[in-house]
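In: Following is a predicted model, sequence given first.
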Amino acid sequence: MRLALYTGLILAGGYAGLTPALAADPTGDWRVADGVANIRVAQCYGSMWGAVSWEKQPGGRDQNNPDVSKKNRPTLGMATLIDMKKKPGVDQWEGQVYNAKDGQLYSATITPVGPDQLEIKGCVMGFLCGGETWTRVGPPIPSNPANAMAKGGAKSSSTAPKPQGAQAAQGTAQAPTGATTPAPAAPKSAGAAKPGQKGAADPVGDICLLPEIAGFAH
């Protein structure tokens, strides 16, 4: 059974400048298997998290969520990879994945395959597993000491930086349903927004500051 995660168009070639040393780094922006979204993965508060950073069809809503209060929330900026912990001795992280196509959570793992591909596998009740491969479209994101801790460490007791405008960005970045926009190119020029930085071309910014992620970690 193949789980249709809210998620890849396999792009020709990799992200320029990546080296073998980054092969096991799951952070960065990834194009999902059916090409409808990019997922930004970053280390937040000792775990790996992923959130929607771009949509092919802007203005998406989490309409399949069983929680009525969340059915109208924007899918842009929504967490999809949740609290994923590194497994000892292997380059693999395990936690949960949220599938916006059916509004359900699944046990899941992410495994880097070289520097440019990320394997996602999800299982229901430990079996009926399926998965797909995402393709890198943005470089790895350096760990931010203010938002992330060393692997295996206890969660910080300090207060997370307050998200400033994260929810507003989610609400104002939407275009009319049915409109299409080109996928954002990986930042190259000095004036372009870097991964994890909010800018005109990057309405999501640092996913560790999104209320859904910061609130879960604290």
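Out: Yep, it's here. Numbers count the residues shown, from 1 in each chain.

In: Next, residue 80: phi, psi?
Out: phi -120, psi -40 (degrees, to the nearest 10).

In: distance of it from residue 207?
Out: From residue 80 across to residue 207, the span is 10 Å (C-beta to C-beta, to the nearest Å). Any C-beta I mention is one placed from the backbone N, CA and C, and that applies to glycine too.

In: who touches both of these two?
Out: Common contacts of residue 80 and residue 207 (C-beta atoms under 8 Å, 6 or more residues apart in numbering): 50-51.

In: ranges for the strands of the chain?
Out: Ranges of strands within the chain are 28-31, 37-44, 47-55, 79-86, 93-99, 104-113, 117-124, 127-136, based on DSSP state E.

In: Figure out which of those strands is closest to residue 215.
Out: Closest approach to residue 215 among the strands of the chain (C-beta to C-beta): strand 79-86, 10.2 Å.

In: Tell me the strands beside the closest one, with direction?
Out: Strand pairing for strand 79-86, determined by DSSP bridges: strand 47-55 (antiparallel), strand 93-99 (antiparallel).

In: what's the angle between it and strand 37-44?
Out: Angular relation of strand 79-86 and strand 37-44 on a 0 to 180 degree scale: 40 degrees, by axes from the mean of the first three to the mean of the last three C-alpha atoms, to 10 degrees.

In: In this structure residue 74 contacts residue 63, no?
Out: No. Assessed by C-beta atoms under 8 Å, residue 74 is found out of contact with residue 63, at 11.1 Å.

In: who touches residue 113 in this structure?
Out: Counting by C-beta under 8 Å, 6+ apart, residue 113 touches 119, 133.
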